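Undergrad: Sequence first, predicted model second:
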Amino acid sequence: MCPALYVLIIISTMSLERLPAHAGDRIAIGFAGLCAFHCLVFPLVIPVLPWLTLIAERESEVHRLLLLAIVPVSAYALLRGCQRHRRLTVFVLGALAVGILLLAPFAKTLPSGWEPALTLIGSGMLSVSHLMNLQAMRQAHAGLAVAT
């Protein structure tokens, strides 16, 4: 297994309460970007670097391992943010995104090509929800009214 995946798992199991409020959102955006990067770049790089086929053969396993990091970090950051700024739409968007990300590697009945497409859609939605969460937390911290 890739050493970077071990790092992701370790980071996801750390005590997130010790991190600053915005750190969870930024870490989750990074994880979502890593998923998107994996789906976009691997198909282009595999023909050039044949040894990467070993990782490509385990693509669903890579997604599952990334989800071990994405789900707890996103849940923590979005729940913590929503407790502060009370924007339920931010949490709902994030929850839908995580649902799509969970569906992608586990839905065996999907036609070929749907797993990367769902992963990219879910990663994009999750990143947007975390950006919205960051903005709403900044506004709440500044005492500005936040529209729901």
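TA: Okay, I see it. Fair warning: this is a prediction, and the values are worked out from it, not measured in the lab.

Undergrad: can we go C-alpha only for contacts and neighbour counts from here?
TA: Noted.

Undergrad: what does stretch 90-97 rub up against?
TA: Outside stretch 90-97, the residues that touch it by Cα atoms under 8 Å, 6 or more residues apart in numbering are 74-75, 78-79, 82, 121-123, 125-126, 129-130, 132-133.

Undergrad: Could you pull out the buried residues of that stretch?
TA: With burial defined by 16 or more other Cα atoms under 10 Å, the residues of stretch 90-97 counted as buried are Val90, Phe91, Leu93, Gly94, Ala95, Ala97.

Undergrad: circling back: top of the contacts of stretch 90-97 by neighbour count?
TA: The most crowded member of the contacts of stretch 90-97, judged by other Cα atoms under 10 Å, is Leu126 (30 neighbours).

Undergrad: which residues sit in contact with that one?
TA: Going by Cα under 8 Å, 6+ apart, the list of residues near Leu126 reads Ile29, Ala32, Leu93, Gly94, Ala97, Val98.
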